[in-house]
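A.B. asks: Sequence and predicted model, in that order:
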Amino acid sequence: MRFSKLAKESLGCYVYCLIDPIDDEIFYIGKASKNNRAFDHLKEIGKETAKAGRISDIRAAGEEPRVEILRYGLDESTAFEVEAAIIDTIGLENLTNEVRGHGIKKGRSTIEEIERLFSSEPLYIGDIEEKCILFYIHKTYSPTLSETELYDMTRQFWHMVSRETRESGEYKTALAIVDGVVVRVYSIEAWFPAGSTLSSRNFGGKPDKWEFVGQGLNKHELYGRRLVDSNNQPIMSMQKGYSYLPTK
């Protein structure tokens, strides 16, 4: 099935979902603009993604995923906000989306997280003397995650972690960072090849990725702090997804 040209023009920017007809469960949320992107997912045959796997399972049962429109006639900015809000409401862990979506800085938060974000004193990263690794998890973080899921998200699966870092034990503290705020602190006890330790996540990535094991440090002095740069702006995510303090 495809939208007609007139339907696409009438929809404008829209937010849609994919539904499993077996249990009427929404398993994917997306945003599109005057096109058939909502139906393009159904062509993803053989891809190693959770979404493609779910679609394959549905078809193996003799059914076909259902596409429904949640909101339409939106401007792009509003569409991104609606998409992110719905993902937050359902919970990323209950969907096959890989990231929370756009607009997550103002996304679903607990009261404690709001207090940490707006009430905690900013801390300049240059004043931190303890050797830490900062893991930026804002794209996949959700306040609906369990503690186990949050721990696994922070410690896995990181590319190009040097042998020096893994073997020296010099960096013993891991900070889980969301929008500049330290949402969790863990000790780093040891490093292992990705996918080799018990986890709530499945590893299907490429070699040369690593994960650590450790313990939660909920009373750590950096827990809940808002880390800022020299311009008093929240620290930005690095391309690799993690960085070192002090800088290596």
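C.D. replies: It's in.

A.B. asks: Only C-alpha atoms from now on, for both contacts and neighbour counts.
C.D. replies: Fine.

A.B. asks: helices and strands of this structure: which one bottoms out on pLDDT?
C.D. replies: Between all helices and strands in the chain, the lowest mean by mean pLDDT, DSSP states H and E belongs to helix 111-119, at a mean of 69.

A.B. asks: Can you name the element that comes right after it?
C.D. replies: Next helix or strand after helix 111-119 toward the C-terminus (DSSP states H and E): strand 122-124.

A.B. asks: chain center to that next one: distance?
C.D. replies: Counting by C-alpha atoms, centre = their mean, to the nearest Å, strand 122-124 is centred 24 Å from the centre of its parent chain.

A.B. asks: So which elements touch it?
C.D. replies: Counting contacts by 3 or more C-alpha pairs under 8 Å, 6 or more residues apart in numbering; DSSP states H and E, strand 122-124 packs against strand 226-228.

A.B. asks: elements contacting the very next helix or strand once past the strand it packs on?
C.D. replies: The helix or strand immediately downstream of strand 226-228 is strand 242-245, counting by DSSP H and E. With contacts defined as 3+ C-alpha pairs under 8 Å, 6+ apart, strand 242-245 has these neighbours: strand 132-136.

A.B. asks: Show me what whichever helix or strand comes after the strand it packs on is in contact with.
C.D. replies: Note on strand 132-136: by DSSP H and E, the next helix or strand toward the C-terminus is helix 147-155. Outside helix 147-155, the residues that touch it by C-alpha atoms under 8 Å, 6 or more residues apart in numbering are 135, 137, 140-141, 176, 199-201, 211-213.

A.B. asks: out of those residues, who's nearest residue 225?
C.D. replies: Among the contacts of helix 147-155, residue 176 lies closest to residue 225 (C-alpha to C-alpha), at 11.1 Å.

A.B. asks: distance of that closest one from residue 134?
C.D. replies: To residue 134, residue 176 is 6 Å away according to C-alpha to C-alpha, to the nearest Å.

A.B. asks: Comparing those two, which shows the higher neighbour count?
C.D. replies: Here residue 176 and residue 134 are set side by side on neighbour count (other C-alpha atoms under 10 Å), and the busier one is residue 176, at 25 against 21.

A.B. asks: element containing residue 80, please.
C.D. replies: Per DSSP H and E: residue 80 is located in helix 76-90.

A.B. asks: what's the burial count for residue 162?
C.D. replies: 10.

A.B. asks: my bad, should have said residue 136
C.D. replies: Neighbour count of residue 136, defined by other C-alpha under 10 Å: 27.

A.B. asks: so the nearest residue to it once chain neighbours are set aside is in which element?
C.D. replies: In space, and not counting its chain neighbours, residue 136 is closest to residue 177: 4.8 Å by C-alpha to C-alpha, 6 or more residues apart in numbering. Per DSSP H and E: residue 177 is located in strand 173-178.

A.B. asks: Name the strands paired with that strand and say parallel or antiparallel.
C.D. replies: Strand 173-178 has its sheet partners listed here by DSSP bridges as strand 132-136 (parallel), strand 181-187 (antiparallel).

A.B. asks: contacting residues around it?
C.D. replies: Residues outside strand 173-178 that contact it (C-alpha under 8 Å, 6+ apart): 131-138, 141, 154, 182-188.

A.B. asks: That concludes my questions; thank you for your assistance.
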